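1. Only the shape, not the letters, is given here:
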């Protein structure tokens, strides 16, 4: 399946990229390098394609991401002996955490006591057993 000349997502070293799924299922196929998974995504308001590695594809599936959900990818490099090996870290941002429109929901504030501040909570009962 052709990508209709949409640009590819370019992962730069140590620069996280936030992507929004535009289609639940990737286009799949085989080429001389093996299986590929081409996802239709949106990056900064622009429609692009992302060719996921087997590992990232499995993480997207395990996270149960659907159209409209977002995820963050970051390419990192590590030294293994004399070789430098790159890896892609993945962080899912399902719509319930992104309000479905790309803006992250607010994290509940605390009062310095590690208890979440909640306007509906009037009091907290502590029970101490002797």
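-> Cool, the structure landed. The shown structure was predicted, so the numbers you read here are calculated from the model rather than taken from an experiment. Residues are numbered from 1 along each chain as shown.

2. Now do the buried residues in the helix of greatest length in the chain.
-> When the chain is parsed with DSSP state H, its longest helix is helix 54-62. Neighbour-count burial for helix 54-62, counted by 16 or more other C-beta atoms under 10 Å, picks out 56, 57, 59, 60. Backbone N, C-alpha and C define where each C-beta goes, glycine included.

3. Make TSV from these and add distance to residue 5 and pLDDT to it.
-> Converted to TSV, those look like this (distance: C-beta to C-beta, whole Å; pLDDT from 0 to 100):
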residue	distance to residue 5	pLDDT
56	23	94
57	23	95
59	28	94
60	24	93
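
4. Specify which residues of this structure, grouped into ranges, have pLDDT under the cut-off.
-> 1-3, 95-130 (pLDDT under 70).

5. Just list what the helix or strand harbouring residue 18 packs against, helices and strands only.
-> Element membership for residue 18 (DSSP states H and E) is strand 17-21. Secondary-structure packing of strand 17-21 (3 or more C-beta pairs under 8 Å, 6 or more residues apart in numbering; DSSP states H and E): strand 34-43, strand 70-80.

6. The first one vs strand 17-21, what angle?
-> Per axes from the mean of the first three to the mean of the last three C-alpha atoms, to 10 degrees, the angle that strand 34-43 makes with strand 17-21 is 100 degrees.

7. partners of strand 34-43, with directions?
-> Each strand paired with strand 34-43, and its direction, by DSSP bridges: strand 17-21 (antiparallel), strand 27-31 (antiparallel), strand 46-52 (antiparallel).

8. Which of the ones you listed sits closest to residue 68?
-> With C-beta to C-beta, the closest approach to residue 68 among the strands paired with strand 34-43 belongs to strand 17-21: 6.7 Å.

9. still on that earlier bit, farthest-separated two in the buried residues of helix 54-62?
-> 57 and 59 (7.3 Å).

10. The most centrally placed residue in the chain bridge partners, please.
-> Of all residues in the chain, the one closest to the mean position by C-alpha atoms, centre = their mean is residue 71, 1.7 Å from it. Beta-bridge partners recorded for residue 71 (DSSP bridges): residue 19, residue 92.

11. Point out the one among the strands paired with strand 34-43 that comes closest to residue 7.
-> Here strand 46-52 is closest among the strands paired with strand 34-43 (C-beta to C-beta), at 5.2 Å.
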